[in-house]
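Engineer: predicted model follows, preceded by the sequence.
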Amino acid sequence: MRPRIKRKLRKLRLPFEWLGIGLGFLVFTFLTRRGLLRLCDFVSAVMYFFDRRGRTYALENLKTMYGRLPKNAGKIVRRSYRNMARTVGYAFWTCVRGRRRALASGEMCAAGKAFLAANKPAVTVSGHIGCWEILSQLAFLEGHAMMSVAKDIGSKGMTKLLMKARKSIGQEIVHADGAFRVLMAGIKSGKSLGLLVDQPVDPRDGGIWVRFFGHPVPVSAAPAFFAAKGKAPIVTAWSRPLRDGRWRCETIATYPPEAARDIWSMTQRCIKDLEGIVRRHPSCWVLNYRYFRKEHKFGEADRKQLEEREAKAR
């Protein structure tokens, strides 16, 4: 489809997006938590049925992860859609009474509480697995002044609303464009950072090549960089879904500030931490996303540099 036609279609779609966002805000914020989960499960079933391209990406990701499609691939993908819908629904839901609803929806593990109590500031690292929206909220409720980065999601209206939801309990949200200076000033002033690193970042925008499920993927080195400059420890964590529809924040690994001096090695460790969780809980990951993009050219110089770094790390 030509770019001009795409722009025209986007303009025609804009009023309907605003209508959907408005209705979503009104509907989700007035639901009980149980009602929220039921509605999200219905929405996820509709999404799964109509999102043909997303299902294709999900199956490709599963094949990349395991070398073949698991026997229960369809079930894994459907549950992944459910997890994503519940996470986005939760973001809408916490636009109102955010603190109370976060407390009712999640809990921090004992190891996480101990780490956060002993380390201020800290760099918390996760991916789009479990309910990633609640992680920084729980850290904030443990007494940390949190800063997170937000990218544009869909229309400007959707981005604006999600940023409002993320700010609802007091954490600071920084737009991805121009976030470097703000985050650097924040961590040096004692604020903690909440960063998601499982999606590819173009090398021209600061991404560095690491191995993700055995494949070279460029990801953000921001956690290691800010930890090294701010002399802050790193914790990788995720939010495990519980049977009652809540989430439990669990730590995967912690690293002292000194470990972040080797930017590449620290970045690879964080990705490996998340990879291990995704392998064990694939249905909790956003599978309908193109993590392994061919347009990110992995040239001969990139290959040699990555192999040299891996050899040095071994």
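Structural biologist: Received, thanks. All values reported here derive from a predicted model rather than from experimental measurement.
Engineer: for the residue nearest to Met146 when sequence neighbours are not counted, what are its contacts?
Structural biologist: In this structure, Met146 finds its nearest non-sequential neighbour in Gln171, 4.1 Å apart by Cβ to Cβ, 6 or more residues apart in numbering. (C-beta placed from N, C-alpha, C; glycine too.) If a contact means Cβ atoms under 8 Å, 6 or more residues apart in numbering, then Gln171 has 136-137, 140, 145-148, 194 as its contacts.
Engineer: now do the residue most central in space within the chain, the pLDDT please.
Structural biologist: Central residue of the chain (Cα atoms, centre = their mean): His128, 3.3 Å from the mean position. Reading off the confidence values, His128 has pLDDT 96.
Engineer: list the buried residues of the helix or strand containing Ala85.
Structural biologist: Under the criterion DSSP states H and E, the helix or strand holding Ala85 is helix 73-93. In terms of neighbour count (16 or more other Cβ atoms under 10 Å), helix 73-93 has its buried residues at 73, 76-93.
Engineer: name the next helix or strand following it along the chain.
Structural biologist: Past helix 73-93, further along toward the C-terminus, the next helix or strand under DSSP H and E is helix 98-105.
Engineer: quick one on the thing from earlier: the helix holding Ala85 to helix 98-105, inter-axis angle?
Structural biologist: 150 degrees (axes from the mean of the first three to the mean of the last three Cα atoms, to 10 degrees).
Engineer: what distance separates helix 73-93 from the centre of its chain?
Structural biologist: Its chain's C-alpha centre lies 13 Å from the corresponding centre of helix 73-93 when counted by Cα atoms, centre = their mean, to the nearest Å.
Engineer: export that helix to CSV, keeping only CA atoms.
Structural biologist: Written as CSV, here are the backbone C-alpha positions of helix 73-93 (Å, rounded to 0.1, in the frame of the first residue of the first chain):
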residue,chain,number,x,y,z
ALA,A,73,1.0,-23.7,19.9
GLY,A,74,-2.6,-22.6,19.3
LYS,A,75,-3.4,-22.7,23.0
ILE,A,76,-0.2,-20.7,23.9
VAL,A,77,-1.0,-18.0,21.3
ARG,A,78,-4.6,-17.6,22.6
ARG,A,79,-3.4,-17.3,26.1
SER,A,80,-0.8,-14.7,24.9
TYR,A,81,-3.6,-12.6,23.5
ARG,A,82,-5.5,-12.9,26.7
ASN,A,83,-2.5,-11.8,28.7
MET,A,84,-1.9,-8.8,26.4
ALA,A,85,-5.6,-7.8,26.6
ARG,A,86,-5.6,-8.0,30.4
THR,A,87,-2.5,-5.8,30.6
VAL,A,88,-3.9,-3.1,28.3
GLY,A,89,-7.2,-3.3,30.1
TYR,A,90,-5.4,-2.9,33.4
ALA,A,91,-3.8,0.3,32.1
PHE,A,92,-7.2,1.8,31.3
TRP,A,93,-8.6,0.6,34.6
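Engineer: for the stretch 51-200 of the chain, which segments are assigned as strands?
Structural biologist: 106-108, 123-126, 146-150, 172-175, 192-196 (DSSP state E, counting those that start in this stretch).
Engineer: can you list the strands that the fourth one pairs with?
Structural biologist: Right, strand 172-175. With DSSP bridges as the criterion, the sheet partners recorded for strand 172-175 are strand 146-150 (parallel).
Engineer: nearest spatial neighbour of His281, skipping sequence neighbours?
Structural biologist: What sits nearest to His281 in space, not counting adjacent residues and going by Cβ to Cβ, 6+ apart, is Ile129, at 7.1 Å.
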